[in-house]
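Participant: My questions concern the predicted model and sequence given below.
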Amino acid sequence: MSKIKVIPCSGIGKVFGLLARESVLMVTQEKCPNETETLCLAHVVTGDDEVVAKIKGARCITMDGCSKYCAKKSVEAAGGEVEHSYKVPDYIKPHRGEDHGTGTYLTEDGWKFVDELAGIMAKTVNEMQEEVK
Amino acid sequence: MSKTVCVLPCNGLDKCAGDISRRVALKLTESEGVELICPVLLNQNKTRYDKVLEEGFLSVIDGCNTRCASKLAGSLEIPIKEKVNVSEVAKAQNIKLGAAIREDEETDALVQALLEKMSGSEEKQAESEFVVPESVNYDSFTHDKFIFKVPKSGYYFNENDCWVSISGDVARIGVTDFVQQNLSDILFADLPEIGLAVEQFDDLGSIESGKTVFEIVSPVSGTVTAVNKALENAPELINESPYEMGWLVELKLSNFEEDKELLLGFEAYFEVMKRKVAETNV
Amino acid sequence: MADKRIGVVGCSGEECLGGTISRLVVRKMLEELRPGITTSLCLPLFIAGGEEERRFADKYPTIAIDGCSKCCAKRAIEKFSNKVAGSIDICQIIGEEAAMDKPLSTRNLTDKHLEYVKQVSDKTCEIFDGLV
């Protein structure tokens, strides 16, 4: 069974892009390394043949930094099946007032938020695996 | 069988709003079917309240805009059915809250207003009478990679970068492109209570991004009749459409002819915005 | 009044270390090395039709910083806007083996990685200063 693709946006200007990126890395490298993999969004958006072949029809989770939904839209345009789409600002309410860092580095609060986002995605991965069984 | 109402007050000690929050909670628990949730105990041992929260729903009383009680519920992933903010209701009632705990008529009036709000008998948002224009024409300029737009007609502006559009005796208010570009992704909109009376240049709430909080300065005088409820779940509308879908507040005007004298039209504001953009690093 | 700005687009790829380095170099240019005259452009937004990003790359010189030899950032700019004013392939600077290593979380950066960032930043500044 091919791995679930978990793809972050590459937002470079704001901390939300870094939160999206780091949370996906945590899922694919730590929480669910056997069940998931990430793909390079730059390859997806430029239509790299190898990556597009991997993504076409694949079960995908996207994590975007803002409501422009670059990751979700790009993956869908390349033929990926985005089964769950997340956006960092949707989880910001309980973290109001916290300083999460910048587009370059995260603070301790930022890393806690990353862990929370990664947890949400990891739970989804497990549920997706259960569905298949 | 009706559900239990679980009331979670804040426990703030540095302002009297915390005391008022507690008084309201205690008053509510005099009725049947209402359970008080201690925020300290909830934080330490949530399981203590698992059963009652499962059977009921949560009402939160925040003392101020720090919203500790709401944040606590959020961090424990307890859905909030309704919430009130003591400081905001006090502002709407023109009651000034300080640090000292008071036993006076104003305090009683505030407690009563909060109880009414929580029992659903507060002033409700009326059907909007604002007639939305069919289309809005913009002029724009570019600075760096950012495009700044200003509507060419039908809008007035103040020097605090808020706009107002008039329809009969109703005004719609929002923030300009300069504000939304400067703030970047807007995450929260703290809008005023329905019924609040404001003078021109009074505070009309605030909007907040990861970068900063922006206080909305009312361009006109009037009484708040509506707030843009869509912003609760989609504050990004302010970024995407600051002059149309991202409107903030509607007021019933009280003195527009006089207020207008201190407002700017398109041409004047366009120059103001260009100057501000050049001076700041958006 | 002409304002001097130079765009910097990183590929920000998430499949290799080169992508991580490209991202860090763009941030370093923005915050530390050439603040005030660097504009960062977001590649996915650029390709998805971001008007602001494309207009900028059309009007101002733009440098592409790519994490691998597929050069996604360079190709995207040339397809949707204008010829790039400068292009960096990180593989050429730090070596293909290093660039194709696993992508890195910012909390796992070592001195070696920061040295890579410095090498690529130095090259970027060289191109940048030639354009100013």
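Facilitator: Received it, and whenever you're ready, just let me know what you need.
Participant: quick one: low-confidence parts of the stretch 1-150 of chain B?
Facilitator: Applying pLDDT under 70 to the stretch 1-150 of chain B picks out residues B:1-2, B:120-124.
Participant: In it, what residue lies closest to chain A?
Facilitator: For the stretch 1-150 of chain B and chain A, the shortest gap (CB to the nearest CB) falls at B:Gly74, measuring 3.0 Å. For every residue, glycine as well, the C-beta is placed using N, CA and C.
Participant: Return the residues in contact with that residue.
Facilitator: Contacts for B:Gly74 (CB atoms under 8 Å, 6 or more residues apart in numbering or on different chains) come out as A:Lys93, A:Pro94, B:Ile80.
Participant: From the chain's centroid, how far away is the helix or strand where it lies?
Facilitator: Here B:Gly74 sits within helix B:68-75, counting by DSSP states H and E. Centroid separation for helix B:68-75 versus its chain: 18 Å, with CA atoms, centre = their mean, to the nearest Å.
Participant: Just confirm yes or no for stretch A:59-77 near chain B.
Facilitator: Yes: counting by CB under 8 Å from any CB of the partner chain, chain B is contacted by stretch A:59-77 at A:Cys66, A:Ser67.
Participant: what residues does chain A put near chain C?
Facilitator: Going by CB under 8 Å from any CB, the residues of chain A near chain C are A:7-13, A:17-18, A:21-22, A:24-26, A:29, A:38-43, A:45-46, A:48, A:68, A:70-71, A:73-74, A:102-106, A:111.
Participant: Of those residues, keep whichever come out buried.
Facilitator: A:7-13, A:17-18, A:21-22, A:24-26, A:29, A:38-43, A:45-46, A:48, A:68, A:70-71, A:73-74, A:102-104, A:106, A:111 (16 or more other CB atoms under 10 Å in any protein chain shown).
Participant: How many residues are close by B:Phe266?
Facilitator: By other CB atoms under 10 Å in any protein chain shown, 18 other residues sit near B:Phe266.
Participant: What of A:Ala20?
Facilitator: 28.
Participant: And B:Glu257, by the same measure?
Facilitator: 7.
Participant: Kindly indicate whether whichever residue of chain A sits closest to chain B is helix, strand or coil.
Facilitator: Per CB to the nearest CB, A:Pro94 is where chain A lies closest to chain B, at 3.0 Å. State at A:Pro94, reduced to three classes by DSSP: H, G, I helix; E, B strand; the rest coil: helix.
Participant: Number of residues surrounding it?
Facilitator: With other CB under 10 Å as criterion, A:Pro94 counts 17.
Participant: which other helices and strands contact the longest helix belonging to chain A?
Facilitator: Under DSSP state H, the helix in chain A containing the largest number of residues is helix A:108-132. Counting contacts by 3 or more CB pairs under 8 Å, 6 or more residues apart in numbering or on different chains; DSSP states H and E, helix A:108-132 packs against strand A:4-8, helix A:15-26, strand A:59-64, strand A:81-87.
Participant: Contacts for it next, please.
Facilitator: A:1, A:4, A:6, A:15, A:18-20, A:22-24, A:26-27, A:30-32, A:35-36, A:59, A:61, A:63, A:83-84, A:86, A:88, A:91, A:95, A:98-101, A:106, C:107.
Participant: tilt between it and strand A:81-87?
Facilitator: Per axes from the mean of the first three to the mean of the last three CA atoms, to 10 degrees, the angle that helix A:108-132 makes with strand A:81-87 is 160 degrees.
Participant: Show me which parts of helix A:108-132 are buried, residue by residue.
Facilitator: So, applying 16+ other CB under 10 Å, buried residues of helix A:108-132: A:Gly110, A:Trp111, A:Phe113, A:Val114, A:Leu117, A:Ala118, A:Ile120, A:Met121, A:Ala122, A:Thr124, A:Val125, A:Met128.
Participant: Turn those residues into CSV, columns for pLDDT.
Facilitator: Listed next are the buried residues of helix A:108-132 as CSV, based on pLDDT from 0 to 100:
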residue, pLDDT
A:Gly110, 96
A:Trp111, 97
A:Phe113, 96
A:Val114, 97
A:Leu117, 97
A:Ala118, 97
A:Ile120, 96
A:Met121, 97
A:Ala122, 97
A:Thr124, 95
A:Val125, 96
A:Met128, 93
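Participant: which one of those residues sits closest to C:Asp129?
Facilitator: Comparing the buried residues of helix A:108-132 against C:Asp129 with CB to CB places A:Gly110 closest, at 33.1 Å.
Participant: Averaging pLDDT per element, find the lowest-scoring helix or strand in chain A.
Facilitator: helix A:41-45 (a mean of 84; mean pLDDT, DSSP states H and E).
Participant: Name the next helix or strand downstream of it, please.
Facilitator: Counting by DSSP H and E, what follows helix A:41-45 is helix A:49-55.
Participant: And that following helix, what's buried?
Facilitator: Here helix A:49-55 shows A:Val51, A:Val52, A:Lys54, A:Ile55 as buried, counting by 16+ other CB under 10 Å.
Participant: and if you look at stretch C:85-97?
Facilitator: Quick answer for stretch C:85-97 (16+ other CB under 10 Å): C:Ala85, C:Gly86, C:Ser87, C:Ile88, C:Asp89, C:Ile90, C:Cys91, C:Ile93, C:Ile94.
Participant: For it, measure first residue to last.
Facilitator: 27 Å (CA to CA, to the nearest Å).
Participant: contact partners of that stretch?
Facilitator: C:6, C:18, C:21-22, C:61-69, C:71, C:74, C:99-100, C:116, C:119-120, C:123-124, C:127-128, C:130-131.
Participant: which residues are contacting the helix or strand harbouring C:Val9?
Facilitator: When elements are assigned from DSSP H and E, C:Val9 belongs to strand C:6-10. With CB under 8 Å, 6+ apart as the test, strand C:6-10 has contacts from A:12, B:145, C:19, C:22-23, C:25-26, C:29-30, C:34, C:37-41, C:43, C:46, C:56-57, C:60-65, C:67, C:73, C:76-77, C:85, C:124, C:128, C:131-132.
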